[in-house]
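Undergrad: Let's see this in three dimensions:
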Amino acid sequence: MINRLNLVLLLVLIVCALAVVTSQHRSRKAYVALQQEQEQEQRLEVEWNRLQLEQGQWSIHARVEQIATQQLRMRAPSAARTQLVPAPTAPASPTSPNSATPNTAPNNPGAQSTASQP
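TA: Alright, predicted model coming up:
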């Protein structure tokens with residue numbers, strides 16, 4: 001009778017041990033899944049903030065355009081009234097500080113330059 005009781009208790013012990021191991025395994029898998037979801041939440045939060053900033057930038061332009069057209073009665077000029085101005089170009093070679101032009105008075109043709117004279 002005691003052998004049979006020991007055998008039953010041993011089986012109960014093994015079943016309980018397997019239940020504990022299974023429970024720990026499920027718990028660890030759930031914790032890993034939780035961490036992955038939290039990382040995903042952080043990525044989505046960063047993207048949401050970026051999109052809100054971008055939407056704010058777009059709405060600023062739209063708001064300015066709306067005020068300009070409605071309150072100030074401004075409109076974009078037609079193509080016939082648009083004139084394109086070319087951008088200034090940089091000089092081909094920079095001038096050296098020693099290549100200054102002589103300093104002469106504009107209305108006095110006989111004025112002497114301040115450069116050294118021969």
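
Undergrad: Flag the shaky bits of this protein, pLDDT-wise.
TA: Residues of the chain meeting the criterion pLDDT under 70: 93-118.

Undergrad: So which residue is dead centre in it?
TA: Geometric centre of the chain, nearest residue: residue 50, 7.2 Å, by C-alpha atoms, centre = their mean.

Undergrad: Can you list the residue ranges for helices in this structure?
TA: Assigned by DSSP state H, the chain shows helices spanning 2-70.

Undergrad: follow-up on the earlier one: how close does the residue nearest to the centre of the chain sit to residue 43?
TA: From residue 50 across to residue 43, the span is 11 Å (C-beta to C-beta, to the nearest Å). C-beta here means a position set from N, CA and C on the backbone, and glycine is covered the same way.

Undergrad: and the residue nearest to the centre of the chain, what does it touch?
TA: Listed by C-beta atoms under 8 Å, 6 or more residues apart in numbering, residue 50 has no contact partners.

Undergrad: and it, how far is that from residue 60?
TA: For residue 50, the distance to residue 60 equals 16 Å [C-beta to C-beta].

Undergrad: same thing with residue 28?
TA: Distance from residue 28 to residue 60, by C-beta to C-beta: 49 Å.

Undergrad: Could you do residue 52 as well?
TA: For residue 52, the distance to residue 60 - C-beta to C-beta - is 13 Å.

Undergrad: Then residue 43?
TA: 27 Å.

Undergrad: cool, and residue 29?
TA: Relative to residue 60, and taking C-beta to C-beta, residue 29 is found at 47 Å.
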